[in-house]
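Asker: Prediction below, plus the sequence it came from.
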Amino acid sequence: MRHGKYPLIVTFLVPPLLLYGIFVISPYLQAFQISTTDWLGYSAEADPVGLANFERLLDDGRVWNALKNNAWLLAVVPVLTIGLGLFFATMLAMGGRKGRAGVTGVRGTSVYRMVYFFPQVLSVVIIALLWREVYHPNSGLLNGALGAVGLPTPTWLGDPRTAFWCVLAVMVWSNVGFYVVLFGAAMSAIPRDIYEAVMLDGASRWTTLRKITIPLLWDTVQVAWIYLAIAALDGFILIQQMTNGGPNFSSDVIGLRMYETAFGSENRFGYASAIGVVLFFLTLSVAVLALRAARRDRIEYS
Amino acid sequence: MNRRDILRRTATAGLLATPAAGLLAGCATGGGGDEGDGGTYQGTKTEQNPLGVKEDAPLEVVIFNGGFGEEYAKAHEAMYTEKYPKSTIKHSATQEINKTLQPRFVDGTPPDVVNNSGAGQIDFNGLVSQNAIADLGELLNAPSLDVPGKTVKDTLLPGAVEVGSYDGRFLVLNYTYTAYGIWHSTKLFADRGWQYAKTWDEHIALCKQIKAAGIAPWTYAGKHPRYMSWPLIATAIKFGGPSVASAIDNLEPNAWKSDAMKAAADAWHQIVKDKYILDGSPGLDHVQSQTAWCQGKAAFISCGSWLESEQKKVTPEGFNMTIQPTPSLGSGDKLPFEAIRGTAGEPFMVPAKAKNVAGGLEYFRIMLSKKGAQDFTRKVSSLTVVAGSTEGVELPFGLGTVVKALDASGSTGFNWVYNNYYRKLERELVDAACGEFFSGRIGPAEFLDQCQKGADSIAQDSSIKKYKRAA
């Protein structure tokens, strides 16, 4: 068998590596090169301009405005999503303990599990369309409900004070389900006897979550953190579909700025690539920081 | 390796993969280019064939598959192959013109005819500055296909050539003729006994009356508030004359803060101040606001003459939409009440590096023939830039009012083109300012300030090519 090992490895590794090289690595490298030109995208000519695009970026108020919004996403989306995800997963896995022995979830756990996962099945564009109608100022579900109980009915996506937060809420909503499942799966790997011991000691649910569940789930939380941090730097599809960055750039994000610069209101591919390069380094640093900050000793059960 | 390691490694892989979606996909700038220098297929020019079409050369046509669909283009293509039976036509239709065609422009192998329209339109400023579009001057001087004794240029409505011209070169054929005005339902107004107001004071009085009747006087597309910049700028031009428009187009200093623009912004601020706009409009997109208007929730809406076909499915029977010019500010207006913004729209172009440039021009000549234009009007209920293309075609109600309005406006009609020169200025900057202004968050002075700042940022940007037009 031993002599067949390398051909096998090569057969399985070469196609994906080739695809990765052509469709991921090479566009990256090209983006770096294009970012130092003034390419306008519809001819083969592009003059090198050195770092002029990056200098311009420093003075571009719209880019900074978009980055500010990304920073908000980065600060809020992971915390809210992981918090809600942990809460729901705990409730589903060990929430119901009233009057019963052992560790069980709340009633209807299997139904909830399915319902939470719904948004994950929908494509992001559908989610955006759905919520655009929910937020419809006159005939939307939200204002319909608010109006019915006599509360004020804001314009949501039409108001720069609320538009961004409305999209942020949708972002959390659409992500939570996946993390409920992820945390749920991780929790099922935690030995039951630990929980039973905690219960015997009379710990409250909150203490159990804080002292037992989260520490034992830490690796998974860390992974979730990185995923969500990257998602927060993106947010492009939802924003583009729901507000297109408006009103008055209040919900703009860096991905949308790049898209608008290249394909939307302008065709400045050189400058857009420069934005892309900056985004690349931002994503990389955020991920590295998240990995570093969340590093702890690992706990093995076996 | 345990499960956590796998998870962590997946995360690291995700790290590398996710931003890849963000970085622009690789379209090497270096590839291709020089060999396809345009006009590979060239026939001999004769009286019958003034543009020198090579009769067996293939022709590739790419149509924007939007409100007009693609059937009209297939009819034009059939007329082409009828004339040149040896030629074959490759037809395609897409909603994403820029993403579909960008690699082909870079590669130097663009199609022969491109209907560069829609949200995925390629910015003309960039195309023109990269010399990517063929000059259509020859087409203008060629004889019309079926109007004897006239050149193609003679058969076009006024303004059709200017709109597609950049520094005096006619590069873009804008095929449809669009009027921009204020729309209302004839039925609603007849039922309530209301009359469209010809002056601004009367308009405000009418708005008061409409509001008292429990209907919102106005609504607009809050997600695309630039729709409201059209009646505002029109009001200013009628007040101050066409030079208001040319100053804006030519990015003259403080063009947005001219006295006429100030007067117009002050006037329009009234409908915001007095709450004559349907609640929630800032949160509606164009479809939602137009639908609210069709449902009788609002009396007026600003739009171009495509409104009727866009709203076909939701317009109630007998609604009978009518377009009207913007009200006059007063007796001191330089242009009469009837003056309306009419302009050629729906751009078509022949890429400079197309293989069959002559065929592309000939295709335009067929589109601009009386037969081709009438067929278009019949199929999509829209006017073309060809004079008299509505003859013998039964028009729907709204389009009939557009024809009447354009006739009444005649030589007092006006237009502006800054949106063609500098797409970003209208689509992003003025758009955002309109959103703030018409939702009441800023006043007229701040509104004009924000527009002027936008225009200045374009004017100061040396990487954007500037164009000038005569007043």
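Answerer: Arrived safely, thanks for sending.
Asker: so is residue B:251 in a helix, a strand, or just coil?
Answerer: Three-state assignment for residue B:251 (DSSP: H, G, I helix; E, B strand; the rest coil): coil.
Asker: show me what contacts the closest residue to it other than its chain neighbours?
Answerer: Leaving aside its chain neighbours, residue B:251 sits nearest to residue B:459 (4.3 Å; criterion: CB to CB, 6 or more residues apart in numbering or on different chains). Glycine gets a C-beta too; all of them are placed from N, C-alpha and C. Contact analysis of residue B:459 by CB atoms under 8 Å, 6 or more residues apart in numbering or on different chains lists B:251, B:253, B:466.
Asker: Which residues are in contact with the second one?
Answerer: Looking back up the chat, that one is residue B:253. B:456, B:459.
Asker: could you measure the residue nearest to residue B:251 against residue B:255, distance?
Answerer: 10 Å (CB to CB, to the nearest Å).
Asker: cool, residue B:318 as well?
Answerer: Distance from residue B:318 to residue B:255, by CB to CB: 43 Å.
Asker: Neighbour count: these two, which is higher?
Answerer: residue B:255 (23 against 9; other CB atoms under 10 Å in any protein chain shown).
Asker: Tell me who's in contact with that one.
Answerer: B:244, B:247-248, B:261, B:452, B:455.
Asker: Including neighbour count, could the residues you listed go into JSON lines?
Answerer: Shown next, in JSON lines, are the contacts of residue B:255 (neighbours: other CB atoms under 10 Å in any protein chain shown):
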{"residue": "B:244", "neighbour count": "27"}
{"residue": "B:247", "neighbour count": "22"}
{"residue": "B:248", "neighbour count": "25"}
{"residue": "B:261", "neighbour count": "27"}
{"residue": "B:452", "neighbour count": "20"}
{"residue": "B:455", "neighbour count": "24"}
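Asker: per-residue pLDDT, whatever residue of the stretch 351-471 of chain B ends up closest to chain A?
Answerer: For the stretch 351-471 of chain B and chain A, the shortest gap (CB to the nearest CB) falls at residue B:424, measuring 3.9 Å. pLDDT recorded at residue B:424 is 92.
Asker: isn't there a strand covering it?
Answerer: No. Checked against three-state DSSP, residue B:424 lies outside a strand; its state is helix.
Asker: Give me the nearest residue to residue B:362, chain neighbours excluded.
Answerer: residue B:53 is the one closest to residue B:362 (CB to CB, 6+ apart), at 4.7 Å.
Asker: do you know how far the one you found is from residue B:72?
Answerer: In terms of CB to CB, residue B:53 sits 21 Å off from residue B:72.
Asker: Against which helices or strands is the helix or strand that contains residue A:178 packed?
Answerer: Using DSSP states H and E, residue A:178 sits in helix A:163-187. Packing contacts for helix A:163-187, counted by 3 or more CB pairs under 8 Å, 6 or more residues apart in numbering or on different chains; DSSP states H and E, involve helix A:61-94, helix A:109-121, helix A:124-134, helix A:218-234, helix A:236-242.
Asker: in it, what counts as buried?
Answerer: A:163-164, A:166-172, A:174-184, A:186-187 (16 or more other CB atoms under 10 Å in any protein chain shown).
Asker: about what we covered before: which pLDDT value belongs to the residue nearest to residue B:362?
Answerer: 92.
Asker: same question, residue B:67
Answerer: pLDDT, read off for residue B:67, is 78.
Asker: For burial, what's the neighbour tally of the residue of the stretch 151-300 of chain A found nearest chain B?
Answerer: Closest to chain B within the stretch 151-300 of chain A is residue A:158: 2.9 Å, counting by CB to the nearest CB. The number of residues packed near residue A:158 is 26, by other CB under 10 Å.
Asker: I'd guessed it sits against residue B:224; true?
Answerer: No. Using CB atoms under 8 Å, residue A:158 makes no contact with residue B:224, being 11.5 Å away.
Asker: element containing residue A:15, please.
Answerer: Here residue A:15 is assigned to helix A:5-20, by DSSP H and E.
Asker: For the residue nearest to residue B:453 when sequence neighbours are not counted, grab the count of nearby residues.
Answerer: Closest residue to residue B:453 apart from its sequence neighbours, by CB to CB, 6+ apart: residue B:429 at 7.8 Å. Residue B:429 is flanked by 24 other residues according to other CB under 10 Å.
Asker: Distance-wise, check residue B:429 relative to residue A:63.
Answerer: Taken as CB to CB, the span from residue B:429 to residue A:63 is 15 Å.
Asker: now swap in residue B:148 and tell me
Answerer: On the measure of CB to CB, residue B:148 and residue A:63 end up 58 Å apart.
Asker: same question, residue A:252
Answerer: Residue A:252 is 9 Å from residue A:63, by CB to CB.
Asker: And residue B:440, by the same measure?
Answerer: For residue B:440, the distance to residue A:63 - CB to CB - is 29 Å.
Asker: of these two, who's got more company?
Answerer: The residue with more neighbours, out of residue B:440 and residue A:63, is residue A:63; 21 against 13, by other CB under 10 Å.
Asker: tell me which parts of the stretch 51-200 of chain A are close to chain B?
Answerer: A:132, A:135-138, A:143, A:153, A:155-160, A:189 (CB under 8 Å from any CB of the partner chain).
Asker: Now the buried members of those residues.
Answerer: A:132, A:135-138, A:143, A:153, A:155-160.
Asker: show me what contacts residue B:442?
Answerer: So residue B:442 contacts B:433, B:436, B:450 (CB under 8 Å, 6+ apart).
Asker: Quick one: neighbours of the second one, just the number.
Answerer: When you say that, I think you mean residue B:436. So residue B:436, with other CB under 10 Å, has 19 neighbours.
Asker: How are the strands of chain B distributed by residue range?
Answerer: B:59-64, B:89-94, B:113-114, B:165-166, B:169-170, B:173-185, B:216-218, B:298-304, B:321-324, B:341-348 (DSSP state E).
Asker: and those strands as a markdown table, adding mean neighbour count?
Answerer: Conversion of the strands of chain B to a markdown table gives the following (neighbours: other CB under 10 Å):
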| stretch | mean neighbour count |
| --- | --- |
| strand B:59-64 | 24 |
| strand B:89-94 | 16 |
| strand B:113-114 | 29 |
| strand B:165-166 | 20 |
| strand B:169-170 | 16 |
| strand B:173-185 | 24 |
| strand B:216-218 | 24 |
| strand B:298-304 | 24 |
| strand B:321-324 | 22 |
| strand B:341-348 | 24 |
